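A.B. asks: below are the sequence and a predicted model for it; my questions follow.
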Amino acid sequence: MADLSAAPNPELLALRTQIDAVDRELLALLNRRARLAQEVGEVKKKEGSVAFRPEREAQVIDGMKAVNPGPLLAESVAPIWREIMSACRALETPTRVAYLGPAGTFSEEAALGFFGSSIVKIPCASFDEVFHVTTSGAADFGVVPVENSTEGVVTRSLDLFLTTPLFIIGETSLFVQHNLLRKENSLAGIETVCAHPQALAQCHGWLGTHLPNVERRPVASNAEGARLAAADPKLAAIASARAGSEFGLHLIAPAIQDEANNRTRFAVVTHPGRHPQPRASGHDCTSLVVSVSNRPGAVHDMLVPLKQHGVSMTRFESRPARSGQWEYYFYIDLQGHPDQPHVATALRELREACAFFKLLGTYPIDVH
Ligand SMILES: O=C(O)C(=O)C[C@]1(C(=O)O)C=C[C@@H](O)C=C1
């Protein structure tokens with residue numbers, strides 16, 4: 001191994017001098033970009049429109065990925081430009097984002113991944129509170145999980161979509177690695193494992209094998225479990241490595257989720273009175289919730305217009321309507337935007353076949 005205390009290698013020094021010069025050029029260019037964003041912000045203020053434009057941000061990222069000559073990896077382009085746009089957006093107006101806290105949750109990671117780090121963070125105690133503060137206007141946007149590749153839908157979020165006026169303006173998905181964290185650096189002596197019920201379910205197999213006689217305690221969030229585990233050596237938590245370092249815990253067992261490729265999809269919601277529906281970006285998803293009358297063939301009839309007008313359905317989920325009559329709400333995701341004539345026609349005909357129809361939102365498909 002090279003001796004780091006020796007005089008620096010002249011070749012290395014020369015390369016670093018060049019990097020310093022490029023960084024200064026980049027900084028000048030970024031400030032030029034920031035001034036342009038400020039001017040855009042002034043124009044928007046004059047016309048009374050909103051700062052955040054998810055469709056424009058998706059197009060910028062798609063465009064940069066398309067022209068990237070490398071060696072920068074394609075997957076590095078999106079996070080870099082998200083941060084640049086986040087910093088530029090913050091010069092136009094603050095973006096206040098609510099999510100399930102405390103610090104270190106996957107919801108926080110999803111919020112930062114979608115909006116970049118130049119935001120005002122509003123950590124909440126529950127999904128209900130995220131919807132509440134976003135509805136009241138204390139937050140501009142809320143970020144909530146909607147489905148997990150191991151556990152399926154996050155039922156509370158879907159139910160809240162139905163009962164609040166909020167609508168979806170974006171989506172983002174995260175690779176979710178769960179870790180067993182604890183104050184002591186060993187598995188021995190754990191009496192209780194604390195985590196959000198979704199995380200306990202996603203690690204059901206591992207817990208059964210390695211900690212079969214340990215109590216599983218559901219708590220409001222994984223980060224809350226980590227906070228509790230930091231105060232009591234008999235407790236362990238299931239949470240992200242970020243939550244572990246936030247609360248000074250040892251990582252006892254990494255990646256204990258039952259599915260190696262465990263992903264969670266989050267929806268970004270806002271209030272229709274404060275934000276318009278995003279325009280078409282070219283790669284969009286439209287989400288709805290519907291119900292049909294309880295008769296043979298009703299679900300089939302409702303879906304026929306999608307086939308007739310060539311609209312792909314990417315998700316179909318049912319939830320009990322809680323009427324006691326074996327009636328259901330269907331949560332549907334379609335590919336496309338209502339500004340496209342074939343999507344608009346399919347939606348109109350589908351709506352005619354439904355007893356209940358609510359458009360949950362139309363938004364750019366997640367770009368990585
Ligand atoms: O193009 C705009 O509308 C801008 O405000 C600029 C910008 C950007 O930095 O590129 C910033 C915020 C918007 O969400 C979209 C893009």
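C.D. replies: Structure's in. What do you need?
A.B. asks: residue ranges in the chain under the pLDDT threshold?
C.D. replies: 1-3, 367-368 (pLDDT under 70).
A.B. asks: residues from it in reach of the ligand?
C.D. replies: 37, 40, 51, 52, 53, 56, 57, 60, 85, 88, 89, 92 (C-beta under 6 Å from any ligand atom). For glycine as for every other residue, the C-beta is placed from the backbone atoms N, C-alpha and C.
A.B. asks: at 8 Å what do you get?
C.D. replies: When proximity is defined as C-beta under 8 Å from any ligand atom, the chain approaches the ligand at 33, 36-37, 40-41, 44, 51-54, 56-57, 60, 84-85, 88-89, 92.
A.B. asks: any chance you could map the strands in the stretch 251-368 of the chain?
C.D. replies: All strands of the stretch 251-368 of the chain, identified by DSSP state E, counting those that start in this stretch, fall at 263-270, 284-291, 313-320, 328-335, 356-364.
A.B. asks: ok, and which of the ones you listed has the densest surroundings?
C.D. replies: Of all those, strand 263-270 has the most neighbours on average by mean count of other C-beta atoms under 10 Å, namely a mean of 23.
A.B. asks: sheet partners, orientation included, of that one?
C.D. replies: If you go by DSSP bridges, strand 263-270 pairs up with strand 141-148 (antiparallel), strand 167-175 (antiparallel).
A.B. asks: what angle sits between that strand and strand 284-291?
C.D. replies: Using axes from the mean of the first three to the mean of the last three C-alpha atoms, to 10 degrees, the direction of strand 263-270 lies 80 degrees away from that of strand 284-291.
A.B. asks: not counting sequence-adjacent ones, nearest residue to residue 98?
C.D. replies: Excluding its sequence neighbours, the residue lying closest to residue 98 (C-beta to C-beta, 6 or more residues apart in numbering) is residue 139, at 3.7 Å.
A.B. asks: which residue sits closest to the residue of the stretch 51-200 of the chain found nearest the ligand, ignoring its sequence neighbours?
C.D. replies: Relative to the ligand, the nearest point of the stretch 51-200 of the chain is residue 88 (3.4 Å; C-beta to the nearest ligand atom). Computed as C-beta to C-beta, 6+ apart, the closest residue to residue 88 that is not its neighbour in sequence is residue 37, at 3.6 Å.
A.B. asks: for that neighbour, grab the count of nearby residues.
C.D. replies: As a burial measure, residue 37 scores 17 neighbours (other C-beta atoms under 10 Å).
A.B. asks: which residues touch the closest residue to residue 290 other than its chain neighbours?
C.D. replies: Leaving aside its chain neighbours, residue 290 sits nearest to residue 354 (4.4 Å; criterion: C-beta to C-beta, 6+ apart). Residue 354 makes contacts with 290, 291, 292, 302, as judged by C-beta atoms under 8 Å, 6 or more residues apart in numbering.
A.B. asks: how near is the second one to residue 326?
C.D. replies: Noted for residue 291: a distance of 12 Å to residue 326, by C-beta to C-beta, to the nearest Å.
A.B. asks: circling back to that earlier point, quick check: the two most widely separated of the contacts of residue 354?
C.D. replies: Spanning the widest gap among the contacts of residue 354 are 291 and 302, at 9.4 Å by C-beta to C-beta.
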